[in-house]
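Student: Let me see the structure of the following:
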Amino acid sequence: MGKTAYTAALYCVAGLALPNAVIAAEDLSPYPVKAIRMVVPYPPGGGSDVVGRQVAQKLSVGLGQTVIVDNRAGAAGNLGAELVAKSPPDGYTILLGGSSTLAVSPSLYAKLPFDSMRDFSHITMLIIVPNVLVVHPSLPVSSVKELISLAKAHPKDLNFSSQGNGSVGHLSGAMLNVMAGINVAHIPYKGAAPAITSLISGETQMLFDSPFSALPQVKARKVKALAVSSLKRIAILKDIPTVAESGVIGFEAGIWYSLLAPARTSRNIVERLHREAYQALNSPDMRDTFIGQGAEIVGSSPEEFSAYLQKDIVRWGKIISSAGVRAD
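Tutor: Numbering: from 1, shown residues only. Here you go, the predicted model:
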């Protein structure tokens, strides 16, 4: 009788459950022993890429192995997510996931090549980032109320750019249309950089953008910030009101970033990645960096993240349905 079988027999005789130690050998093997690939499903330069590179750098130190960022853009992040979902569950391919891909896409697309709940091992939600509503400096408004009044007075003259059809920026604009009773036209772009470039050039008049890309332009006075999309103000823009307190009661939209691995990744690996991510997020320099960029630090447990994701899929599904948004 082999050693493993003999050990199992002893536990059966004793009436005890076979411990997890007598399962897959990978659960006992050292981890990590080589470089880890973090798939960021968007192009370089946007909010996802900024977060991914900051987290990857810290994880590399904690894990003792290089975490390489692999930008795999396409289909609103769905291509990169599919790649990770279909990768071996060995802990060496992980996903920098976002709300657009994991919570929005399930309602936006009739068929996805992955399931956000079933095809991933959820590790942690890293941070939540509210959108900033910015407008072109030439627009004669200084508040959300004035913007709504202008949109109602000129229903066919205003438009807003977004990072792409179905992005959180798009849905935030669609939500404002529905909740404020206005009809600002949507102009989708391929990513955050071209979206804000169109605003700066005057091709579009407004944009819901992450603080990562919006704040430098606000400071340079190339765009004007009217509100933030969170329910409470953020420290980095403490003088800028929320959309909700500006008269659109209940308005809340934002972007969150997370870490995921392929489904069936061993619990030991998930816990190790969660522990290192949590420590990275709560290091003084990273806290200062993210809070200084307008983010809220989360670092949730795998179970907390799973529960939040499930609720967020339902929430965005209702918004998409009421706004009549469809994927290309």
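
Student: CA only for contacts and neighbour counts going forward, please
Tutor: Fine.

Student: Low-confidence bits of the chain, can you list those?
Tutor: Along the chain, segments meeting pLDDT under 70 span 1-28, 328.

Student: Pull out the buried positions in the longest helix along the chain.
Tutor: Ordering each helix of the chain by length in residues (DSSP state H) puts helix 302-323 first. Within helix 302-323, the residues that count as buried by 16 or more other Cα atoms under 10 Å are 302, 305-306, 309, 312-313, 316-317, 319-320, 323.

Student: Among these, give me the pair with the biggest separation.
Tutor: Within the buried residues of helix 302-323, two members stand farthest from each other by Cα to Cα: Pro302 and Ala323, at 31.3 Å.

Student: quick one, phi psi at the residue nearest to Ala180 when sequence neighbours are not counted?
Tutor: Of all residues not flanking Ala180 in the chain, Val248 sits nearest, at 6.5 Å (Cα to Cα, 6 or more residues apart in numbering). Here is the backbone geometry of Val248 (degrees, to the nearest 10): phi -100, psi 80.

Student: wait, Val248 sits on Val178?
Tutor: No - Val248 lies out of contact with Val178 (Cα atoms under 8 Å); the separation is 10.3 Å.

Student: and the residue minimising distance to the centre of the chain, bridged to which residues?
Tutor: In the chain, the C-alpha nearest the mean C-alpha coordinate belongs to Gly98, at 2.4 Å (Cα atoms, centre = their mean). For Gly98, the beta-bridge partners are Tyr257 (DSSP bridges).

Student: and what of Thr93?
Tutor: Arg37.

Student: do the same with His186
Tutor: Assigned bridge partners for His186, using DSSP bridges, are Phe160.

Student: Residues contacting stretch 283-299, please?
Tutor: 124-130, 211-212, 215, 234-237, 274, 277-278, 280-282 (Cα atoms under 8 Å, 6 or more residues apart in numbering).

Student: Stretch 137-146 now?
Tutor: Outside stretch 137-146, the residues that touch it by Cα under 8 Å, 6+ apart are 147, 150, 205, 221-224, 226-227, 243, 246-247.

Student: And for stretch 120-129?
Tutor: Residues outside stretch 120-129 that contact it (Cα under 8 Å, 6+ apart) are 85, 210-211, 254-265, 270-271, 273-274, 277-278, 281, 294-306.

Student: hmm, try it at 7 Å
Tutor: 85, 210, 254-265, 270, 273-274, 294-302, 305-306 (Cα atoms under 7 Å, 6 or more residues apart in numbering).

Student: And the helices in this protein, which stretches?
Tutor: Along the chain, the segments classed as helices by DSSP H run 3-13, 47-63, 78-85, 99, 105-108, 144-153, 168-180, 192-201, 211-219, 267-281, 284-292, 302-323.

Student: I'd like those helices written out as JSON lines, with distance to Pro32 added.
Tutor: Shown next, in JSON lines, are those (distance: least, Cα to Cα, whole Å):
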{"stretch": "helix 3-13", "distance to Pro32": "25"}
{"stretch": "helix 47-63", "distance to Pro32": "7"}
{"stretch": "helix 78-85", "distance to Pro32": "17"}
{"stretch": "helix 99", "distance to Pro32": "28"}
{"stretch": "helix 105-108", "distance to Pro32": "32"}
{"stretch": "helix 144-153", "distance to Pro32": "49"}
{"stretch": "helix 168-180", "distance to Pro32": "34"}
{"stretch": "helix 192-201", "distance to Pro32": "33"}
{"stretch": "helix 211-219", "distance to Pro32": "31"}
{"stretch": "helix 267-281", "distance to Pro32": "9"}
{"stretch": "helix 284-292", "distance to Pro32": "23"}
{"stretch": "helix 302-323", "distance to Pro32": "19"}
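
Student: among the ones you listed, which is nearest His136?
Tutor: Comparing the helices of the chain by Cα to Cα, helix 192-201 comes nearest, at 6.0 Å.
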